[in-house]
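*Asks:* Let me see the structure of the following:
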Amino acid sequence: MPYLIRCLESVEAQTIGADRIEIVAVDDGSTDGTGEYLEEFAARSKVPTRVVRQKNSGGPSGPRNVGLGLARGRYVFFLDADDYFGDEALERMVAMADRAGTDVVLGKVVGVNRGAPQSMWGATRERVDVYNSKVIYTLSAQKLFRRELLERLSLRFDENLRTGEDALFTMEAYLRGAGVSVISNYVCYYLVGRDDGKHVTKSGTYEWRFDSMRAMMALIHRIEPAGPKRDFLMVRPFTVGMLQQFGPVVLKDSEEVRRHKMELVAPLMETYWHDGVARLIKVSERLRLACVAQGRMDLLIEMVRYIRAKTVPDVVRSRDGQTLYLAYPHFRDRSAGLADSNYEVTVPDWHDGKRIEQPKAAARRASLSRRVARRMRRDMRRWKERLSVE
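*Replies:* As a prediction, this is how the structure comes out:
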């Protein structure tokens, strides 16, 4: 409360119609009148509403699993009590899933008094997957899921995780489902920033974050066979997760916390970090992870300070001119133990505000562009010749 009032009003306003919706509202031990309001709402609303009141479970997984176990519709949507729908959200998402036959639908999300994911909303697309889109960078639970998929996989939120449980759930649905749809031309979901600043995603300890990373990495390795696709998926837990624990925050961490983080991360780096993943990551991020892999907190701190100061490293070319390196601290310093490959530009990167990439990659793209242009000119000449003959 009081966010719940707007939340429920947005469900009642859905253009899909009250007869096509059910609400399963799980009051997870609230103490602010939420339970009483839910029961009043259920008694008067045209939307069939079931209210479950239980002791506080300590996290969102338990109540979501309770609601999922009671759900009867073809689709489920996990609507947080702080947030609210656009009026046409469910109608559009259900129509998309029915038309495309996909198991997960992402409706465009915007933030209210907070940020929201943006990279995946470039275009409305009936069918994408984690490899040809940016959906991997939104793993929150606020999506439409086909309930048959969830039941077939016995997919539930991990109640042992204190954070990141939604990312694990959504990633498995992405990987094992029959495709993902994206609605970008209508705002389906308003992600609300509470005035008191209390959000589950902002709370918790760094140990919880490592638990979440560990679970995500294990899931990817369990589902996706070894190879380029697995390497691509592994970039996310390394860059959205691990780097947050080994970024500017380490400058504020105590020596004890730094030491503990290195103990927690060591088995993850030993098991999951290798060249195939590293080469898919930008230099400044890869270097920090390389320092972590070697257990070198001293090098990491130096690297973080260098990056935080927005120092621009020199660009170094190999003798044949085909390889670029960014000369961050300890480049070609053998005593530091950081291989040249950690400094190599292997994916499009940024240098002094400009996009850079390997000369050979740029040359291939330029060559392809020239071939396409020549083909277009040739086709145009042929078209003009046919036109003149006719």
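*Asks:* backbone phi and psi for the spatially closest residue to residue 271 that is not a sequence neighbour, please?
*Replies:* Among residues not flanking residue 271 along the chain, residue 217 sits closest, at 7.6 Å (CB to CB, 6 or more residues apart in numbering). C-beta: built from backbone N, CA, C; applies to glycine. Phi and psi for residue 217, reported as degrees, to the nearest 10, are phi -60, psi -40.
*Asks:* so what pLDDT did residue 217 get?
*Replies:* Looking at residue 217, its pLDDT stands at 98.
*Asks:* Isn't it up against residue 272?
*Replies:* Yes - here residue 217 reaches residue 272: they are 5.1 Å apart, a contact under CB atoms under 8 Å.
*Asks:* what sits in contact with each of the two?
*Replies:* residue 234 (CB atoms under 8 Å, 6 or more residues apart in numbering).
*Asks:* Do a quick rundown of the helices in the stretch 151-300 of the chain.
*Replies:* Under the criterion DSSP state H, counting those that start in this stretch, the stretch 151-300 of the chain contains helices at 165-176, 206-223, 228-237, 243-245, 255-272, 275-278, 283-293, 297-308.
*Asks:* Need the ones you listed in a markdown table (columns: distance to residue 79).
*Replies:* Below are the helices of the stretch 151-300 of the chain laid out as a markdown table (distance: least, CB to CB, whole Å):
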| stretch | distance to residue 79 |
| --- | --- |
| helix 165-176 | 13 |
| helix 206-223 | 22 |
| helix 228-237 | 25 |
| helix 243-245 | 27 |
| helix 255-272 | 33 |
| helix 275-278 | 35 |
| helix 283-293 | 34 |
| helix 297-308 | 38 |
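*Asks:* Quick one: mean pLDDT for the longest strand belonging to the chain?
*Replies:* In the chain, taking DSSP state E as the definition, the longest strand is strand 180-192. On average, the pLDDT along strand 180-192 is 98.
*Asks:* buried residues in it?
*Replies:* 180, 181, 182, 183, 187, 188, 189, 190, 191, 192 (16 or more other CB atoms under 10 Å).
*Asks:* Switch those residues over to CSV; also include distance to residue 211.
*Replies:* Converted to CSV, the buried residues of strand 180-192 look like this (distance: CB to CB, whole Å):
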residue, distance to residue 211
180, 26
181, 31
182, 30
183, 32
187, 33
188, 31
189, 27
190, 30
191, 24
192, 27
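*Asks:* and the end-to-end length of stretch 13-32?
*Replies:* Distance between the boundary residues of stretch 13-32 (CA to CA, to the nearest Å) amounts to 25 Å.
*Asks:* Give me the spatial nearest neighbour of the spatially most central residue of the chain, chain neighbours excluded.
*Replies:* What sits nearest the mean C-alpha location of the chain, by CA atoms, centre = their mean, is residue 137, with 2.3 Å. For residue 137, ignoring the flanking residues on the chain, the nearest one in space by CB to CB, 6+ apart is residue 119 at 5.6 Å.
*Asks:* The one you found: neighbour count?
*Replies:* 11 (other CB atoms under 10 Å).
*Asks:* Which secondary structure state does it sit in?
*Replies:* Following DSSP: H, G, I helix; E, B strand; the rest coil, residue 119 is assigned to coil.
*Asks:* picking up where we left off before, from residue 129, how far off is the residue nearest to residue 271?
*Replies:* Distance from residue 217 to residue 129, counting by CB to CB, to the nearest Å: 20 Å.
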